[in-house]
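[1] sequence? don't have it. structure:
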């Protein structure tokens, strides 16, 4: 019951974050996008700013917009915002605040045969290649005569632009619909591929492609939001590693770069050894969202010492 | 203590970068891009 409640709670937070990132819902019917001052500010998750309902700017799109300008190859503003988000939350943003992450979570709920990705964890490094190539190397190397570069990731890779921008705008706006060509077809192919694999496996875009997830992963070990495994309570049953859909063994590294802080391991732990913490000081924890241990749980191994927190 | 120092340093660095970005007009560049439909994003190019 506690696990179900936690699932519902997380789903509500994800829905709320998606709604707050896309608050101008009526724009879907108008075929226009929000043009107010909040578009100066980046939202923490991957959310296309060409989505009609988008409240703020996409950090990846914004970074490319600034580095694509003739006079700069780095964006202090967007880098600062991403460092701020990353230092506070780490990849909790992926697990709770990213609209595109939530969409993948919903797709994974569609009943189907599920593929394990535990044997291809090395492919998770591919997103760092995407980050370096599309956000750093190409804007420096591929510039036009005026020193301008395209937002290469948004243009050739990002499926969010098609799902959140092109499709809703194209439905309402005939001019946009008629302008769709080869590039749209390519990006639609990527979107369909991501959707299909999101049904078959957990969050393929987050694991292998997302440059924002790659950046936030670098902050997991030092972010204020962190995980802790109590070695005194851990009975090394391995259940946490088996339930983790991001293929992380939290007992080996509680702040693994791929951990999105979803809390599945915490729910599965029969001894309540795994906690999500907001850590302000090295010794002091102000918030504890760990699972309350149920002494009658069928998952509890016999002989386990009951610890009530 | 070491991690706390790193966190505080990163928050200060982030604040400095954000302020620098605002002063140099990057926030306006972001705004200028975000209030128009991004043709590259929606696959028109």
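    In hand now; what should we look at? In this text the structure is predicted, and so the values were computed from the model without any measurement.
[2] quick one: secondary structure of the spatially most central residue of chain B?
    Residue closest to the average C-alpha location in chain B (CA atoms, centre = their mean): residue B:18, at 6.2 Å. Under the three-state scheme (DSSP: H, G, I helix; E, B strand; the rest coil), residue B:18 adopts helix.
[3] start and end of stretch A:172-182, how far apart?
    Taking CA to CA, to the nearest Å, the first and last residues of stretch A:172-182 lie 20 Å apart.
[4] so does that stretch get close to chain B?
    Yes: contact of stretch A:172-182 with chain B (CB under 8 Å from any CB of the partner chain) involves A:176, A:179-181. Quick note: C-beta positions are derived from backbone N, CA and C, even for glycine.
[5] same deal with stretch A:57-67?
    Yes: counting by CB under 8 Å from any CB, chain B has neighbours in stretch A:57-67: A:57-58, A:61-62, A:65-66.
[6] give the rounded mean pLDDT of that stretch.
    The average pLDDT for stretch A:57-67 rounds to 96.
[7] which stretches in the stretch 101-250 of chain A count as strands?
    A:225-229 (DSSP state E, counting those that start in this stretch).
[8] contact residues of it facing chain B?
    So the stretch 101-250 of chain A meets chain B at A:150-151, A:154-155, A:158, A:161-162, A:165-166, A:169-170, A:176, A:179-181, A:183-188, A:219, A:222-224 (CB under 8 Å from any CB).
[9] pipe the residues of stretch A:57-67 next to chain B into JSON lines and attach secondary structure and neighbour count per row.
    JSON lines is the format used below for the residues of stretch A:57-67 next to chain B (DSSP: H, G, I helix; E, B strand; the rest coil; neighbours: other CB atoms under 10 Å in any protein chain shown):
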{"residue": "A:57", "secondary structure": "strand", "neighbour count": "27"}
{"residue": "A:58", "secondary structure": "coil", "neighbour count": "35"}
{"residue": "A:61", "secondary structure": "helix", "neighbour count": "28"}
{"residue": "A:62", "secondary structure": "helix", "neighbour count": "30"}
{"residue": "A:65", "secondary structure": "helix", "neighbour count": "25"}
{"residue": "A:66", "secondary structure": "helix", "neighbour count": "26"}
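[10] pick out the most distant pair among those residues.
    Pairwise distances across the residues of stretch A:57-67 next to chain B (CB to CB) peak at 12.4 Å, for the pair A:58 and A:66.
[11] tell me how many other residues crowd residue A:256.
    Neighbours of residue A:256 under the rule other CB atoms under 10 Å in any protein chain shown: 19.
[12] doesn't it lie inside a helix?
    No: according to three-state DSSP, residue A:256 belongs to no helix; its state is coil.
[13] and the pLDDT for the closest residue to chain A within chain B?
    Closest contact between chain B and chain A, by CB to the nearest CB, is at residue B:21 (2.3 Å). Note on residue B:21: pLDDT of 95.
[14] could you report the neighbour count for it?
    So residue B:21, with other CB under 10 Å, has 24 neighbours.
[15] okay but it is in contact with residue A:75, surely?
    Yes: with contacts counted by CB atoms under 8 Å, residue B:21 reaches residue A:75, the gap being 6.6 Å.
[16] what is in contact with those two at once?
    Both residue B:21 and residue A:75 are in contact with residue A:66, where contact means CB atoms under 8 Å, 6 or more residues apart in numbering or on different chains.
[17] show me which residues of chain B sit near chain A.
    Proximity of chain B to chain A is confined to B:1-4, B:6-7, B:10-11, B:13-22, B:24, B:26-38, B:40-45 under the rule CB under 8 Å from any CB.
[18] ok, now with 6 Å
    Residues of chain B lying close to chain A by CB under 6 Å from any CB of the partner chain are B:1, B:3-4, B:6-7, B:10-11, B:14, B:17-18, B:20-21, B:26-27, B:29-31, B:33-35, B:37-38, B:40-45.
[19] filter those residues down to the ones in helices?
    Among the residues of chain B next to chain A, DSSP state H puts B:3-4, B:6-7, B:10-11, B:14, B:17-18, B:20-21, B:26-27, B:29-31, B:33-34 in helices.
[20] returning to what we had before: of the residues of chain B next to chain A, buried ones?
    B:4, B:7, B:10, B:14, B:17-18, B:21, B:26-27, B:29-31, B:33-35, B:37-38, B:40-44 (16 or more other CB atoms under 10 Å in any protein chain shown).
[21] which pLDDT value belongs to residue 3?
    Chain wasn't specified; assuming chain A. 81.
[22] that's the wrong chain, I meant chain B
    pLDDT, read off for residue B:3, is 88.
[23] same question, residue A:282
    Looking at residue A:282, the pLDDT reads 52.
[24] do residue A:216 as well
    pLDDT for residue A:216: 98.
[25] before we move on, what about the one 5 residues further on?
    With respect to pLDDT, residue A:221 scores 94.
[26] so what's it closest to, chain neighbours aside?
    Nearest-residue entry for residue A:221: residue A:255, 4.3 Å, with adjacent residues in sequence omitted and distances by CB to CB, 6 or more residues apart in numbering or on different chains.
[27] can you check residue A:261 too?
    Per CB to CB, 6+ apart, closest to residue A:261 is residue A:92, 4.1 Å.
[28] pretty sure residue A:275 is in a strand, no?
    Yes: assigned with three-state DSSP, residue A:275 falls within a strand.
[29] what about the residue of chain A found nearest chain B, how many residues nearby?
    Closest contact between chain A and chain B, by CB to the nearest CB, is at residue A:77 (2.3 Å). Neighbour count of residue A:77, defined by other CB under 10 Å: 28.
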